[in-house]
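In: would you be able to build a 3D model of this:
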Amino acid sequence: MFQKITRNRLELFLVKYRSVDKILDVGSGGSSYHRFFPNRITVDIDPGRKPSIVADVHDLPFADNEFSIVLCTEVLEHTKDPRLAVGEMMRVLKKGGILILTTRFVYPLHDTPHDYWRFTKYGLQELFKQWTILEIQSETQSFSALAVLIQRLVFQTNLYFNKIIKGLLLVSAYIINKVNFLIVNEYGSIKKDNLEEDIMSTGYYIVVKK
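Out: Next up is the predicted model:
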């Protein structure tokens, strides 16, 4: 009940792309993906996170076409210029190489004050329109997104009657996370004139090829 709802989903997504190639893991401070990518080079702007190289994704210190895989999890929303960051990741990626990227959509402020953007799936499709999109998937269904928001309230607040209220909130998040089956249809507007999926996803996982 106390485990992050999204953690298992992210790991199930990443395991599909596990590789022993030399890869670049951007903004990787503190991440635990070495078991999927044992030969990764980690890059982070924060030296306190002990990356292999301290660097900014907007200006990566690598040659063109150096990596077959670039991994970028939960970083894009923290970049001041997402297009420049994506351009740098494209530059260091070999032709035919892939970028594995995850980012936030319906999600609270986190790692402030360096939290700048939220991305819809259509925004990501626009951002990566020069790439070949191999896969894009929602991180959560809509009720699960509500559960994640409740869970984050527990993690990121102090409340009156703190332990009792947080216990109740965690129970409610657990229940809400289980009721996605109640949704019959979702729509892209209140007019209900265009079907959509997962209108309140917490984020997206996308894989694109250069």
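In: tally of neighbours for Asn194?
Out: Using other C-beta atoms under 10 Å as the criterion, Asn194 is surrounded by 8 other residues. The way it works is simple: take the backbone N, C-alpha and C, and place the C-beta from them, glycine included.
In: check contacts around the closest residue to it other than its chain neighbours.
Out: Once flanking residues are discounted, Asn194 sits nearest to Gly188: 4.5 Å by C-beta to C-beta, 6 or more residues apart in numbering. By C-beta atoms under 8 Å, 6 or more residues apart in numbering, the contact set of Gly188 is Asn194, Leu195, Glu196, Ile199.
In: which ones among the residues you listed map onto strands?
Out: Leu195, Glu196 (DSSP state E).
In: between the contacts of Gly188, which is closest to Thr157?
Out: Distances from Thr157 to the contacts of Gly188, taken as C-beta to C-beta, are shortest for Ile199 (25.4 Å).
In: hmm, Ile190 and the closest one touching each other?
Out: No - with contacts counted by C-beta atoms under 8 Å, Ile199 stays clear of Ile190, the gap being 10.9 Å.
In: name the SS class of Asp115, please.
Out: Under DSSP: H, G, I helix; E, B strand; the rest coil, the three-state class of Asp115 is coil.
In: hmm, it is touching Glu77, no?
Out: Yes - contact between Asp115 and Glu77 holds when scored by C-beta under 8 Å: they sit 6.3 Å apart.
In: between those two, which one's more packed in?
Out: With neighbours defined as other C-beta under 10 Å, Asp115 and Glu77 compare such that Glu77 has more, 20 against 14.
In: a helix runs through that one, doesn't it?
Out: Yes - looking at Glu77 with three-state DSSP, it is inside a helix.
In: contacts only, for it.
Out: Neighbour list for Glu77: Thr103, Arg104, Asp115, Tyr116, Trp117, Arg118, Phe119 [criterion: C-beta under 8 Å, 6+ apart].
In: mind listing what's buried in stretch 116-127?
Out: Phe119, Lys121, Leu124, Gln125, Leu127 (16 or more other C-beta atoms under 10 Å).
In: I meant to write stretch 54-67 there.
Out: Neighbour counts over stretch 54-67 (16+ other C-beta under 10 Å) mark Val54, Ala55, Asp56, Val57, Leu60, Phe62, Glu66, Phe67 as buried.
In: of the residues you listed, which is the nearest to Ser19?
Out: Of the buried residues of stretch 54-67, the one sitting nearest to Ser19 (C-beta to C-beta) turns out to be Phe67, at 10.5 Å.
In: I'd guessed Glu135 sits against Tyr205; true?
Out: Yes - judged on C-beta under 8 Å, Glu135 makes contact with Tyr205 at a distance of 7.5 Å.
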